[in-house]
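# mind looking at a prediction? Sequence and model below.
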Amino acid sequence: YADSEYLKELMNERDWSPQIQYKGSTRTPLEEIVSFDVGLLPSCTEEMPYTIIEYLACQKPVIATAIGAIADMLTTEDGAVAGVLIPLDATGRPSKPHLKAAMKTCLDQPEQLATFASTTQKAFQPFDIKNTAACYYNLYKKIAQ
């Protein structure tokens, strides 16, 4: 939804906090990610988005729809979540009331935001290149036997 009608609708609503900025698509994602406090991915089509991995690598909590593998990507082995998972509404789009509530939580509860942020490191571990390389190595080793 980076430059979609859904984003335009969200940006036109008047009850958002002035602290919330929508960046849309960008050619410099890393620069954008390090500049914000929380990454948003309210999508209805993602399966296993690299955007989530980028947010986690930059230690940014995430507000995203609970579709595809996103919930697994944000949830650590001990059940902690590196942000907030929101549902789709009856029309199959990310629920605006849930999105607003999640963003309000991150704005109004700095201790909860800090908890989400501290969880990002654990949630990122499966995607760390060292762990990924080790998994591939072990797989190939097992196949070669």
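Good, I have the coordinates. Just so we're clear, the structure is a prediction, and the values are computed from it rather than from any experiment.

# residue contacts, the most centrally placed residue in the chain?
Of all residues in the chain, the one closest to the mean position by C-alpha atoms, centre = their mean is residue 62, 3.4 Å from it. By C-beta atoms under 8 Å, 6 or more residues apart in numbering, the contact list for residue 62 reads 38-41, 52, 55-56, 74, 82-84, 116, 120. Quick note: C-beta positions are derived from backbone N, CA and C, even for glycine.

# not counting its neighbours along the chain, what's nearest it?
residue 83 (3.8 Å; C-beta to C-beta, 6 or more residues apart in numbering).

# re earlier: okay, the residue nearest to the centre of the chain: pLDDT?
Here, the pLDDT recorded for residue 62 equals 97.

# residue 56 is in contact with residue 123, isn't it?
Yes: with contact taken as C-beta atoms under 8 Å, residue 56 and residue 123 are classed as touching, separated by 5.3 Å.

# overlap in contacts, those two.
Both residue 56 and residue 123 are in contact with 73, 74, 82, where contact means C-beta under 8 Å, 6+ apart.

# turn those into TSV, columns for distance to residue 143.
Supplementary listing: those in TSV, determined by distance: C-beta to C-beta, whole Å:
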residue	distance to residue 143
73	26
74	31
82	33
